[in-house]
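Novice: Build me a model:
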Amino acid sequence: MTSSNTSTAAASIKGCCCCLILLFSFLLLLSLAVILVIVLAVKPKKPQFNLQQLTLQYLNPNPTDSNNVVLTFRMLFNAKNDNIAGIKYSDSTFTIMYRGVPVGRGVVRGFYQAARTEKSVATTVSVDRSKLLQADAEALVRDVSVNDRVELRVMGDVKARIRVIGITSPTVQVSIDCAIVISPSKQSLVSKQCGFDGLQV
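Specialist: Numbers count the residues shown, from 1 in each chain. From the prediction side, this is the model:
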């Protein structure tokens with residue numbers, strides 16, 4: 001092969017590479033434009049995931065007996081989707097704290113929520129003696145059985161993605177931090193103060 005033929009082949013290969021790069025760049029820009037148009041049309045809103053209710057299901061009145069379980073809570077959450085697209089939630093873990101000590105964790109399994117719907121999801125948390133100092137365990141049982149007033153803190157992160165025409169948005173994380181007071185005898189919330197923080201991950 002002569003040097004002129006080699007130069008021609010090299011130029012041809014270089015030209016093909018430039019065409020491929022331009023084609024991929026065009027397709028990438030087109031995809032970004034389509035996604036931008038969809039996002040602007042849909043105007044995705046942050047998912048609303050709120051602690052609706054926390055009730056006491058079981059109490060072992062003697063925290064010193066051989067059965068470790070002191071009490072069991074049931075947490076009920078309300079998920080609200082105001083978007084015109086569905087939301088896919090990942091598994092979410094919530095921690096219950098008593099007197100600054102983590103005493104139990106509950107998991108809400110991931111689920112899909114259709115557009116413009118509300119959904120209730122629940123989880124159960126068992127608090128056992130091994131997670132509490134003896135004084136705290138006795139104080140908790142006293143708050144439940146005598147004072148009828150239990151102050152708790154519920155913390156957790158909820159991660160979700162909005163799905164539009166097969167396109168999934170970046171993960172949206174909502175951090176929940178609720179200071180609550182419950183009345184075990186009435187099975188109701190006496191007070192609730194929640195803070196929510198949404199951010200893109």
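Novice: Show me the domain layout of the chain.
Specialist: 1-42, 46-200 (automatic domain parsing).
Novice: Run a quick check on residue 164 versus residue 88, I expect a contact.
Specialist: No: using C-beta atoms under 8 Å, residue 164 is not in contact with residue 88; the gap is 11.4 Å. Glycine gets a C-beta too; all of them are placed from N, C-alpha and C.
Novice: biggest strand in the protein by residues?
Specialist: Determined from DSSP state E, the single longest strand within the chain is strand 150-164.
Novice: That strand pairs with which strands, parallel or anti?
Specialist: Strand 150-164 pairs in its sheet with strand 86-89 (antiparallel), strand 92-98 (antiparallel), strand 167-168 (antiparallel), strand 172-183 (antiparallel), by DSSP bridges.
Novice: May I see the buried residues of the longest one?
Specialist: Think strand 172-183. 172, 173, 174, 176, 178, 180, 182, 183 (16 or more other C-beta atoms under 10 Å).
Novice: Pull the contacting residues for the fourth one.
Specialist: For residue 176, the residues meeting the contact criterion (C-beta atoms under 8 Å, 6 or more residues apart in numbering) are 49, 50, 51, 94, 154, 155, 156, 157, 158, 194, 195, 196.
Novice: and the last one, what pLDDT?
Specialist: At residue 196, the predicted lDDT confidence score is 63.
Novice: partner residues bridging the residue positioned nearest the centre of the chain?
Specialist: When C-alpha atoms, centre = their mean is applied to the chain, the residue found nearest the centroid is residue 158 (1.1 Å). When bridges are called by DSSP bridges, residue 158 pairs up with residue 174.
Novice: and the strand or helix carrying residue 139, which residues are buried?
Specialist: Element membership for residue 139 (DSSP states H and E) is helix 134-142. Using 16+ other C-beta under 10 Å as the test for burial, helix 134-142 gives 136, 137, 139, 140, 141.
Novice: Would you check that the second one makes contact with residue 99?
Specialist: No: assessed by C-beta under 8 Å, residue 137 is found out of contact with residue 99, at 10.6 Å.
Novice: Now do the shared contacts for the two.
Specialist: Common neighbours of residue 137 and residue 99 (C-beta under 8 Å, 6+ apart) do not exist.
Novice: All set, thanks.
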